[in-house]
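**Student:** Would you be able to build a 3D model of this:
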Amino acid sequence: MKIAVMNFSGNVGKTTIARHLLLPRIAGAELIMVESLNAGEGAGQALRGRQFGELQEYLQTVPSAVVDVGASNVEELLGLMHRYRGSHEDFDCFVVPTVPALKQQQDTIATLAELAGIGVAASRLKLVFNMVEDETAVAPAFDTLLAFLREQPIATANIACALGTNEIYARIDGSSADLYRLACDETDYKALIVQAKQAPERLALAQKLATRRLACGVMPQLDACFAALGLEQDQGAPSTKQTQPLAAP
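**Tutor:** Numbers count the residues shown, from 1 in each chain. Predicted coordinates for the structure are as follows:
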């Protein structure tokens, strides 16, 4: 299975969705990052046709992949899909994360419209309702987006495909930490804390214990969200493949 994760808008949790929702639950999948080298400096370069050609070629050689498209590259990538006619068929589906903020909902609508415009069927366009606050109902929080889809059903919207806010994502941001492995960690941190002689060491161990507890707490929500996506793919053990970056020159 090959999945692209994208949205014109930033700050919707694309990388969280790619790394922690999809990648561990798709057997043998590789994570491919499509991003500009200088995106973090506010001066990202456009994705070139050559890079898109390489991406298409590479996708033919692997059985499963999750492609995380940086917000600064979505417009260029969609433009290249128009040029490489039929290239959208390389993906089994497109996952579009969204959050309650109005601008992000509007950007999500624009993303869905562009994908539908190049021929992606509604059954292959799937939404993930992300960063939903505790005790908040999904439908009212995303009323603008859902109202659009009632008028123009160009994507699959299942409100069970939802993830809440959780500090675990901030804790592991910028690291290579794997939520599945964190949750499966059997280290007896409480015993190690008792044995530790220095306060900084005890604090570091306590932080690892708290991170594991948060990871264990969020796993059922991630499992339920993935199941609600309805992807036709056997669930397997977490992938151990390395991330393959695809950056503009």
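**Student:** Tell me who's in contact with the residue nearest to residue 224 when sequence neighbours are not counted.
**Tutor:** Spatial nearest neighbour of residue 224, chain neighbours left out: residue 160 (7.1 Å); criterion: CB to CB, 6 or more residues apart in numbering. From N, CA and C alone the C-beta is placed, and that goes for glycine too. Taking CB atoms under 8 Å, 6 or more residues apart in numbering, we find residue 160 in contact with 224, 225, 228.
**Student:** From residue 98, how far off is residue 160?
**Tutor:** Here residue 160 is placed at a distance of 15 Å from residue 98 (CB to CB, to the nearest Å).
**Student:** For this structure, which residues score under the pLDDT cut-off?
**Tutor:** 36-50, 232-249 (pLDDT under 70).
**Student:** What is the burial count for residue 192?
**Tutor:** 16 (other CB atoms under 10 Å).
**Student:** Mind telling me what element it is part of?
**Tutor:** helix 189-195 (DSSP states H and E).
**Student:** buried set for the helix or strand just after that helix?
**Tutor:** Proceeding N to C from helix 189-195, the next assigned helix or strand is helix 199-229, under DSSP H and E. Residues of helix 199-229 classed as buried by neighbour count (16 or more other CB atoms under 10 Å): 202, 205, 208-209, 211-212, 214-215, 218-219, 222, 225-226, 229.
**Student:** just to revisit the earlier point, please produce JSON lines containing the contacts of residue 160, extended by distance to residue 59.
**Tutor:** JSON lines is the format used below for the contacts of residue 160 (distance: CB to CB, whole Å):
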{"residue": "224", "distance to residue 59": "29"}
{"residue": "225", "distance to residue 59": "25"}
{"residue": "228", "distance to residue 59": "26"}
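**Student:** ok, those vs residue 89, which is closest?
**Tutor:** For the contacts of residue 160, the residue nearest residue 89 by CB to CB is residue 228; the value is 24.5 Å.
**Student:** Need the three-state assignment for the nearest residue to the closest one once chain neighbours are set aside.
**Tutor:** Nearest in space to residue 228, with sequence neighbours left out and distances taken as CB to CB, 6+ apart, is residue 160 at 3.8 Å. Following DSSP: H, G, I helix; E, B strand; the rest coil, residue 160 is assigned to coil.
**Student:** Show me what whichever strand in the chain runs longest is packed up against.
**Tutor:** Using DSSP state E to define each element, the chain has its longest strand at strand 125-132. Under the contact definition 3 or more CB pairs under 8 Å, 6 or more residues apart in numbering; DSSP states H and E, strand 125-132 sits against strand 93-98, helix 102-117, helix 138-141, strand 162-164, helix 199-229.
**Student:** Mind doing that once more with 7 Å?
**Tutor:** strand 93-98, helix 102-117, helix 138-141, strand 162-164 (3 or more CB pairs under 7 Å, 6 or more residues apart in numbering; DSSP states H and E).
**Student:** which strands and helices sit next to the third one?
**Tutor:** Going back to what we said before, that points to helix 138-141. So helix 138-141, by 3+ CB pairs under 7 Å, 6+ apart, packs with strand 125-132.
**Student:** Residue 120 belongs to a helix, doesn't it?
**Tutor:** No - Residue 120 is assigned coil when assessed by three-state DSSP, not a helix.
**Student:** What is the burial count for it?
**Tutor:** Residue 120: 21 neighbours (other CB under 10 Å).
**Student:** close enough to count as contact, it and residue 89?
**Tutor:** No - with contact defined as CB atoms under 7 Å, residue 120 does not reach residue 89; the gap is 8.9 Å.
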